[in-house]
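Colleague: Here is the input, now give the coordinates:
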Amino acid sequence: MPADRGRVRLTIATVALVVLQSAVASAVQGQVVRGRLVDDGDSAAIAGAMITLVGRDGRGVARMLTRSGTGVFELRVPAPGEYRLRAERIGYGTTHSAFFRISTRDTLTVQMAAPIEAISLAEISVSVRPQCHLRPEEGLAVARVWDEARKALAAASWTQERGLYRYEMLGIKRFLDQDGRRVEAEDRAYGQALVPVPYVARSADSLVHGGFARFSAEASDFWGPDAGVLLSDPFLDTHCLRIRSGVSGLVGLEFEPLPDRNVADIAGTMWLDAATAELQRVDYRYVNLPVPEWLMDASPGGTVSFRGLPDGTWIVTSWNIRMFTAGEAEHPLTGQPTATLEGVAITHGEVLRAHGDAGVVFEGHRGRRVAGTVVDSLGVGLPNARVYVRGSGTETETDAEGRFELDRLGAGTYALQFTHPYLEPLWYESEPVEVEMGPDVDSRVEVRFEAPPLSDVLSAVCGRNGPPGVPMVSAAGTAVWQTGILTGTVTDTDGNPIEDATLHLLTRAYDPRHFARVRDPRTINLEEQRSRWTEKSSSTGFYRVCWLPSGVPIELVVLGSDEDVDRDALEAALSLADVFPGRVTTLTIDPTSPQRALNLRLEVGGRDDPH
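Modeller: Below you'll find the predicted structure:
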């Protein structure tokens, strides 16, 4: 297009309109305008153009996208009168028809021919101090960029209103540290059923007048905009627009609330491809929030990403809202309670696939990824290893070669760990590997994990000194080595973990070194010698007992933290069954497989049951 001193002249072509009154009037459906949009040069059908029925007052009263392959459209006319048609395509000039009159129950057939008039935003210039326009029509450059953004937003709104697709969704909640860098937890929820709407905001009136964020003593709520909000009169009447210079081939259209706005609001940028004029995404930040300044260090805001499909429809492919999580502390000077920044919470939504009548019309990109291998102590790929993000539910499993990949990660630092079925009963926790995921949404990082040999695992979970080097003596007088490790969980009858449950263990084996402190060995009754162990369950119900004797029977009983116990009777008992009849479990650890897992269920009333 020709340019003059940095300003681009935008021309609107007029085209011929052929209006044919149908011989058959529709008595049921009222007035109808139908037709076909074609290329003015070769008469090829133009699909995916937005056809709007416009009244004499300039307002659109009906709209639809021309159909894929045919360029056909059909509009219901709300009332008889004079109208014209407007045809819009992203990246091309707008075409208007002449005005025509439609009478009651008429059906008109219209043939529209649009010239190929490509629009580029690459020549848009930005002044040093650009003016912010309340209405886009007030500035030529702003109007030009807004017009292209508006086309995409209108197509997205129209697509959503008609429920043309069904979506497979992924929802992610990420929790970051105070600096907003380290991912401390990440919970994922995959949609189990196809949903008709991937993303929808509150109404424009509610957000503009009530605020995009609201706070109470119980909760803080944040909302983002969708296409309908950004197109709405309430939003455009309270926000001004200006051009922003872009990077990487993008042109930005900034929006910000008017200076006299005193409600929680948003300011941000609509980013368009400079070459194709297609809307890419909307970035926004929250402003005018009635919170302390330090909470704004979390940079609360969000992003909504858009994608045009080959048939001209537009969908939201992903979005996220970044919020602060606030705590409370005592102010060091005033002694009064004050809000503190505890961390950052991100709510992210993503379309995995969009399904139409003809099948899958969109498949999402896997985004930021971590790929790698888990190998054993000999360097061979370890299958069935579980690789996971520390503190979250994001995980995957290695294949037959020990390969794995985690996708759709957010920007930030992740701590990755792994485990394996031979490690899990021991509750061994590998050293985390930190991975920095940058802002590039297509980035991929390679990681290699090395599983330790079993001897190193046992040393890690039960202490570096290893098992006692001196054997115990069993009731039969044979040597018994303490190589057994018993692990498991204690839960209630509903499967909930029980914290601070006490495990008592007893066996008829003894450590002969204890006799070295006895002055007269003849006073020792070997028949009454016992060895005892006591352990407590953790907050997750987990317990671990190290270096138990292998090959001899061991009695075990688990007690709730509120149970009264006769300590003297317990210490003097030669069998736990004498003190806790009907509650004792007896087990023997196999010397050839010294790691044993045993989960325990503690019932109400003091009964326990191994399972």
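Colleague: And the helices in the stretch 451-600 of the chain, which stretches?
Modeller: With helices called from DSSP state H, counting those that start in this stretch, the stretch 451-600 of the chain shows them at 454-462, 567-572, 576-579.
Colleague: Span of stretch 436-443 from start to end?
Modeller: 10 Å (CA to CA, to the nearest Å).
Colleague: Only C-alpha atoms, please: export the helix or strand residue 338 falls within in CSV.
Modeller: Following DSSP states H and E, one finds residue 338 within strand 337-356. Presented in CSV, the C-alpha positions along strand 337-356 are these (Å, rounded to 0.1, in the frame of the first residue of the first chain):
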residue,chain,number,x,y,z
PRO,A,337,-1.3,-6.9,61.2
THR,A,338,-0.1,-6.3,57.7
ALA,A,339,-0.3,-8.2,54.4
THR,A,340,2.7,-10.1,53.2
LEU,A,341,3.6,-11.6,49.8
GLU,A,342,3.7,-15.4,50.3
GLY,A,343,4.0,-16.4,46.7
VAL,A,344,2.5,-16.4,43.2
ALA,A,345,-0.4,-18.5,42.0
ILE,A,346,-1.1,-19.1,38.3
THR,A,347,-4.3,-20.5,36.9
HIS,A,348,-3.6,-21.8,33.4
GLY,A,349,-6.0,-23.3,30.8
GLU,A,350,-5.1,-24.9,27.5
VAL,A,351,-6.9,-26.4,24.6
LEU,A,352,-5.4,-29.8,23.8
ARG,A,353,-7.7,-30.5,20.9
ALA,A,354,-10.7,-28.9,19.3
HIS,A,355,-13.2,-31.2,17.6
GLY,A,356,-15.6,-30.2,14.8
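Colleague: Walk me through which strands it pairs with, and which way each runs.
Modeller: Applying DSSP bridges, strand 337-356 is found paired with strand 166-176 (antiparallel), strand 314-330 (antiparallel), strand 359-363 (antiparallel).
Colleague: Quickly, which of these bottoms out on average pLDDT?
Modeller: Lowest mean pLDDT of the strands paired with strand 337-356: strand 314-330, a mean of 89.
Colleague: Give me the contacts around the helix or strand harbouring residue 304.
Modeller: Per DSSP H and E: residue 304 is located in strand 301-308. Contacts with strand 301-308, where a contact means CB atoms under 8 Å, 6 or more residues apart in numbering, come from 48, 90, 152-153, 155-156, 199, 222, 224-227, 266, 268, 278-286, 314-322, 362. From N, CA and C alone the C-beta is placed, and that goes for glycine too.
Colleague: on that earlier part again, reformat the strands paired with strand 337-356 as TSV; add distance to residue 105.
Modeller: What follows is these, written out as TSV (distance: least, CB to CB, whole Å):
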stretch	distance to residue 105
strand 166-176	35
strand 314-330	33
strand 359-363	36
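Colleague: do you know which of these lies nearest residue 208?
Modeller: Minimum separation from residue 208 across those (CB to CB) falls at strand 314-330, 17.5 Å.
Colleague: in the closest one, what's buried?
Modeller: The neighbour-count check on strand 314-330 (16 or more other CB atoms under 10 Å) flags 314-326 as buried.
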